[in-house]
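1. Here you go, sequence then predicted model.
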Amino acid sequence: MQQFFLILNRTFEQLFLKSWWVILFGLLCFIIFEQGMKTHRQEYARLQKHHRDLEKQRKEAIMLQEKLMLEINSQSDPAWVELVLMKGLGLVPEGQTKVFFENLSTASHDR
């Protein structure tokens, strides 16, 4: 039995000494693979963040498009035209009085 272990030990040493370059090559391949995987994970995380940002921009663009389509579709509505004239140009319908409120901090600085 002892002789068996001695032969096994000697065989192992001979294989290790003759094939050290295979073990070294395997370790080198493993290190290169791990480095590549690290780079891959970083790139994947960056692309996921970019995808989330693009999805957010897409949703905002769709909301803006819907708002603009609603405004375009309501241009034939007289109430909408009146509202635009009141908000955009500051016009008031006949029979109504336009009232301005002066900012108190601005009024005190002007005096």
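-> Sure thing, it's come through. Residues are numbered from 1 along each chain as shown.

2. Put the alpha carbons of stretch 45-54 into CSV.
-> Taking only C-alpha atoms (Å, rounded to 0.1, in the frame of the first residue of the first chain), the coordinates of stretch 45-54 have been written out as CSV:
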residue,chain,number,x,y,z
ALA,A,45,-25.1,48.1,-15.8
ARG,A,46,-24.3,51.2,-17.9
LEU,A,47,-26.6,50.1,-20.6
GLN,A,48,-29.4,49.3,-18.2
LYS,A,49,-29.2,52.8,-16.8
HIS,A,50,-29.2,54.3,-20.3
HIS,A,51,-32.3,52.2,-21.1
ARG,A,52,-34.1,53.4,-18.0
ASP,A,53,-33.3,57.0,-19.0
LEU,A,54,-34.5,56.5,-22.5
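
3. any idea of the mean pLDDT for that stretch?
-> For stretch 45-54, the mean per-residue pLDDT is 98.

4. And stretch 86-103, by the same measure?
-> 79.

5. what comes into contact with that stretch?
-> Where contact means C-beta atoms under 8 Å, 6 or more residues apart in numbering, the residues beyond stretch 86-103 that reach it are 82, 85. C-beta: built from backbone N, CA, C; applies to glycine.

6. now it, how far from the chain's geometric center?
-> The chain centre lies 44 Å from the centre of stretch 86-103; the measure is C-alpha atoms, centre = their mean, to the nearest Å.

7. Look at that stretch and report the distance between its end residues.
-> 21 Å (C-alpha to C-alpha, to the nearest Å).

8. Which parts of it count as buried, going by neighbours?
-> Judged by neighbour count using 16 or more other C-beta atoms under 10 Å, stretch 86-103 contains no buried positions.

9. Quick check: next helix or strand after the longest helix along the chain?
-> Scanning the chain for the helix with the most residues, using DSSP state H, yields helix 20-73. Scanning the chain past helix 20-73 towards its C-terminal end, the next helix or strand to appear is helix 78-84 (assignment: DSSP states H and E).

10. which residues touch that next one?
-> Contacts of helix 78-84 with the rest of the structure, by C-beta under 8 Å, 6+ apart, involve 71, 74-75, 93.
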